[in-house]
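Chemist: just need the structure, nothing else, for what follows:
(one chain, ligands or ions: 1)
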Amino acid sequence: MTQLAPRNATPEDDLESALVSARARYTLENPKSAAHQEAAKAYMPGGNTRSVLHYAPFPLAFVKGEGNSLWSADGARYTDFLGEYTAGLYGHSHPKIIQAIREALDGGLNFGGQGVKEARLAALITARFPSIDLIRFTNSGTEANLMAMAAAKAITGRKKILVFRGAYHGGVFAFPFDDAPLNAPHEFVLARYNDLDGTQRLIRDHAATLAAVVIEPMLGAGGSIPATQAFLAMLRQETENIGALLIFDEVMTSRLSPGGLQAVHGVNPDLTSLGKYLAGGMSFGAFGGRRACMERFDPTRPDAFFHAGTFNNNVLSMAAGIAGLESVFTPEAAVSLNRRGDALRNALNNAFTRHGVAMQTLGYGSLMTIHATGNKVASPEDLSTSNQAVKELLFFDLIADGFWIARRGMISLSLTITDDDCAQFAGAVESFIERRIRLLPS
Ligand SMILES: Cc1ncc(COP(=O)(O)O)c(C=O)c1O
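Modeler: Down below sits the predicted model:
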């Protein structure tokens, strides 16, 4: 992008002044995005319709995406290391996905009837995830979790759902550190992620009333914190013992191996919720699992659970999803993408170590988050010392260098990101460390 002034022309003495300058520079360089945000405020609260996308002073407005790149309304190009919070696995214009969508468009939209594509997509997904015998589609991951949790309550005849502090399972399932005001009105029991003894105790304490334990096998929005195999195995055993369902939310993590993180850990949940990339970048969600649970949705049963949704089988999502799994995100592609992610995470961590700064990149495979703390992190509580100002400074410095990541430091690689892109990104992070070293935690 156009450089205004070298960022290190006047090195700032403290983090707050550095941030003030970084925000000022950002504001100066992105007047069209700022104007767009101002105008949007007239029609949307705070100019926003998706809370996670907001950050101060105003978010960039994007106008185009192609391959691994995004362009802002201000004409700057960014290499996209966010990959639409994991949904953009295929990049912005993968020819096979675009072709599938074009062909679907030619066939017409909105049949108001059963199509022939949904069973094909269902076959492709169930073949990848051995714990999923039967599957149903929704329009979002949030909806998938709504259905999975409601089904668990109806199947077990119990009311409580155990979730983890710091987890995010959708717009009505946010647990920053407690229940949130807009959450679905279930009776939630909150546990600490990766706390084996404490969680085991809670499950046993609530044995008679617990319908399900819901867990992301790696917290995505919660900071790319992986669960240990022992923790997941304990959850499997304890839920089985008390007759509760184990639900894996693999909306983000299903891409981390050909069979998701459940395959990596060899732990089979009763139900899995899915979403994001699995419809090629079109809107999507799904829940599926053991035949005995999912058969309850069979509409030929007199006691069938009712699950509707106008767009559950919409032709664009079905077509793009099939093309993606059939010919792009093959099991081999999954392995190689996640290897690239592991290499990038190691490169970033090596740079932090080499320069002696207390920062780290957590994650697994193609999904990771940069944190500004040297603490050992097993649960979101351990991130309380992560320096948010450092993360913000990194975010603005990467923007100035032409890289797009999440404001919270999350990165998810798309298939269009190359080794060379990763090397450039790691180089930009290393430049940040060198330039800002006096301001970083050591
Ligand atoms: C783990 C997890 N579950 C569920 C959701 C909700 O999915 P959606 O945004 O499609 O409703 C998300 C979204 O980020 C997620 O990360």
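Chemist: now F137. Nearest residue, chain neighbours left out?
Modeler: N312 (4.6 Å; C-beta to C-beta, 6 or more residues apart in numbering). Any C-beta I mention is one placed from the backbone N, CA and C, and that applies to glycine too.
Chemist: name all residues that make contact with that neighbour.
Modeler: N312 sits next to 118, 136-139 when contact means C-beta atoms under 8 Å, 6 or more residues apart in numbering.
Chemist: low-confidence ranges, the stretch 251-400 of the chain, go.
Modeler: For the stretch 251-400 of the chain, no stretch is flagged by pLDDT under 70.
Chemist: who in it is up against the ligand?
Modeler: Selection of the stretch 251-400 of the chain residues close to the ligand by C-beta under 6 Å from any ligand atom yields 251-252, 275, 285.
Chemist: okay, and which of those residues map to strands?
Modeler: Using DSSP state E, the subset of these located in strands is 275, 285.
Chemist: pick the one among the residues of the stretch 251-400 of the chain next to the ligand closest to D421.
Modeler: Closest approach between those and D421, by C-beta to C-beta: M252, at 20.9 Å.
Chemist: and the closest one, how close does it get to A221?
Modeler: 8 Å (C-beta to C-beta, to the nearest Å).
Chemist: between the two, which contacts overlap?
Modeler: Joint contacts of M252 and A221 (C-beta under 8 Å, 6+ apart) are Y85.
Chemist: who's more crowded, those two?
Modeler: Comparing M252 with A221 by other C-beta atoms under 10 Å, the one with more neighbours is M252, at 28 against 22.
Chemist: please name the nearest non-neighbouring residue to the more buried one.
Modeler: Using C-beta to C-beta, 6+ apart, the nearest residue to M252 is G220, at 3.8 Å.
Chemist: list the residues that contact that neighbour.
Modeler: 85-86, 168, 251-253, 367, 410.
Chemist: burial count for the residue in the chain positioned nearest to the ligand?
Modeler: When scored by C-beta to the nearest ligand atom, the chain has G141 as its residue closest to the ligand, at 2.4 Å. Residues near G141, counting by other C-beta under 10 Å, number 29.
Chemist: and the strands in the stretch 201-350 of the chain?
Modeler: 210-215, 218-219, 225-226, 245-249, 271-275, 285-289 (DSSP state E, counting those that start in this stretch).
Chemist: quick one, the fifth one and strand 210-215 angle?
Modeler: Going back to what we said before, that points to strand 271-275. Angle between the axes of strand 271-275 and strand 210-215 is 40 degrees (criterion: axes from the mean of the first three to the mean of the last three C-alpha atoms, to 10 degrees).
Chemist: and strand 271-275, what does it pack against?
Modeler: helix 141-156, strand 245-249, strand 285-289 (3 or more C-beta pairs under 8 Å, 6 or more residues apart in numbering; DSSP states H and E).
Chemist: CSV please, covering the ones you listed and showing distance to R435.
Modeler: Below are these laid out as CSV (distance: least, C-beta to C-beta, whole Å):
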stretch, distance to R435
helix 141-156, 38
strand 245-249, 38
strand 285-289, 42
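Chemist: what residues sit buried inside the helix ranked longest in the chain?
Modeler: Scanning the chain for the helix with the most residues, using DSSP state H, yields helix 331-354. Using 16 or more other C-beta atoms under 10 Å as the test for burial, helix 331-354 gives 334, 337-338, 340-341, 344-345, 347-349, 351-352.
Chemist: do the same with stretch 142-162
Modeler: For stretch 142-162, by 16+ other C-beta under 10 Å, it's 142-153, 155-156, 158, 160-162.
Chemist: show me what the longest helix of the chain is packed up against.
Modeler: strand 360-364, strand 367-371, helix 419-436.
Chemist: need the winner for burial among those.
Modeler: strand 367-371 (a mean of 27; mean count of other C-beta atoms under 10 Å).
Chemist: the residue of the chain closest to the ligand against G275, yeah?
Modeler: Yes: assessed by C-beta atoms under 8 Å, G141 is found in contact with G275 at 3.2 Å.
Chemist: which neighbours do those two share?
Modeler: With C-beta under 8 Å, 6+ apart, G141 and G275 have common neighbours 251, 285.
Chemist: can you pull out the helices in this protein?
Modeler: Using DSSP H, helices in the chain cover 15-29, 31-40, 95-106, 117-128, 141-156, 196-205, 229-242, 260-265, 291-294, 315-327, 331-354, 388-400, 419-436.
Chemist: just the CA trace of stretch 215-228, in PDB.
Modeler: Output of stretch 215-228 as PDB, limited to C-alpha atoms (Å, rounded to 0.1, in the frame of the first residue of the first chain):
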ATOM      1  CA  ILE A 215     -17.300 -28.400  23.600                       C
ATOM      2  CA  GLU A 216     -15.100 -27.100  20.800                       C
ATOM      3  CA  PRO A 217     -12.200 -29.500  20.700                       C
ATOM      4  CA  MET A 218     -10.100 -26.400  20.300                       C
ATOM      5  CA  LEU A 219     -11.500 -23.000  21.400                       C
ATOM      6  CA  GLY A 220     -11.600 -21.000  18.200                       C
ATOM      7  CA  ALA A 221     -12.900 -17.500  19.100                       C
ATOM      8  CA  GLY A 222     -11.800 -18.200  22.600                       C
ATOM      9  CA  GLY A 223      -8.200 -17.900  21.600                       C
ATOM     10  CA  SER A 224      -7.200 -21.100  19.600                       C
ATOM     11  CA  ILE A 225      -6.700 -23.100  22.800                       C
ATOM     12  CA  PRO A 226      -6.500 -26.800  22.000                       C
ATOM     13  CA  ALA A 227      -8.200 -29.300  24.400                       C
ATOM     14  CA  THR A 228      -6.000 -32.100  25.500                       C
END
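Chemist: great, nothing more from me.
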